[in-house]
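Got a predicted structure here, sequence first:
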Amino acid sequence: MLTVVLDLDETLIHSRQLKLDKHNHPIIDHYTYHYIIMYSKTDIYGVIRRPYLSWFLNELSTFAEICIFTAGTKEYAETIIDLLDPFHIIKRFYRDSTILTNGIYTKPLNIIKPGMDNIVLIDNLIENMQCNPEHGIVVKGFYGDMSDNSLIKLLVELRSNNPQ
Ligand SMILES: [Mg+2]
């Protein structure tokens, strides 16, 4: 079965740490956030889901095993992943599974599938694929553009590479 390893930030979501006013209330900027996550009283993030994300994960799960591999910390990312989709994402890998090389968090795929057959990494940063460039697919970075349709194009590409 195909294994699709998805990056989190700027691939599936865009999140921003919200600035606080003098009363420590978050200042909501011009974005519409799908989730507000309060990691602590002063550490508050707004999260925007990339358009078509639920559809994408649903469709993808019919022919692939879905993992997330983020260079974010577990503390930061696991709350977001739980909100996105607790059902279709079967494995999660965080910063502690990356390899830090020259300031770049690269993502070794052999920890997910030792033989590395039929595995792809979807990431907005080509640098993150240095361990296994032949298994990488780069997507345009998502920064909150709600007319973005990259996940539709990506699903079509993944499905056509995996006809069974
Ligand atoms: Mg990213």
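Good, I have the coordinates.

Which positions in the protein make contact with the ion?
Taking C-beta under 5 Å from the ion as the criterion, the neighbours of the ion within the chain are 7, 9-10, 124. For the C-beta atoms, the positions are set from N, CA and C on the backbone; glycine is no exception.

at 8 Å instead, please
Residues of the chain lying near the ion by C-beta under 8 Å from the ion: 7-11, 70-71, 123-125, 128, 141.

any low-confidence regions in the chain?
The model of the chain has pLDDT under 70 over residues 163-164.

90 instead, please
Filtered on pLDDT under 90, the chain yields the residue ranges 24, 28-32, 85-87, 101-102, 131, 160-164.

Just want the most central residue of the chain.
Closest residue to the average C-alpha location of the chain: residue 8 at 1.6 Å, with C-alpha atoms, centre = their mean.

and residue 122, that's in a strand?
Yes. Checked against DSSP: H, G, I helix; E, B strand; the rest coil, residue 122 lies within a strand.

what about it, distance to residue 5?
7 Å (C-beta to C-beta, to the nearest Å).

With residue 98 instead?
12 Å.

Tell me how this protein divides into domains.
2-12+50-161, 15-47 (automatic domain parsing).

so of these, which one's packed in deepest?
For these, average neighbour numbers computed from mean count of other C-beta atoms under 10 Å are highest in domain 2-12+50-161, which has a mean of 17.

what are the ranges of the helices in this structure?
Listed in chain order, the helices found in the chain under DSSP state H are 53-60, 74-84, 150-161.

Compare those helices and give me the one nearest residue 24.
Closest approach to residue 24 among the helices of the chain (C-beta to C-beta): helix 74-84, 19.9 Å.

What lies in contact with the closest one?
Residues from elsewhere that reach helix 74-84 (C-beta atoms under 8 Å, 6 or more residues apart in numbering): 8, 12-13, 15, 35, 37, 39, 47, 49, 53, 57, 68, 70, 89, 92, 94-96.

how far out from the middle of the chain is that helix?
10 Å (C-alpha atoms, centre = their mean, to the nearest Å).

can you check stretch 129-137 too?
Distance of stretch 129-137 from its chain centroid, counting by C-alpha atoms, centre = their mean, is 16 Å.

Then stretch 112-123?
Using C-alpha atoms, centre = their mean, the offset of stretch 112-123 from its chain centre is 15 Å.

List the contacts of it.
So stretch 112-123 is contacted by 1-7, 11, 67, 69, 91, 93, 107, 109-110, 128-129, 132, 135-139, 154, 158, 162 (C-beta under 8 Å, 6+ apart).

can you rerun that using 6 Å?
Residues from elsewhere that reach stretch 112-123, judged by C-beta atoms under 6 Å, 6 or more residues apart in numbering: 2-7, 67, 109-110, 129, 135-137, 139.

Good, wrapping up.
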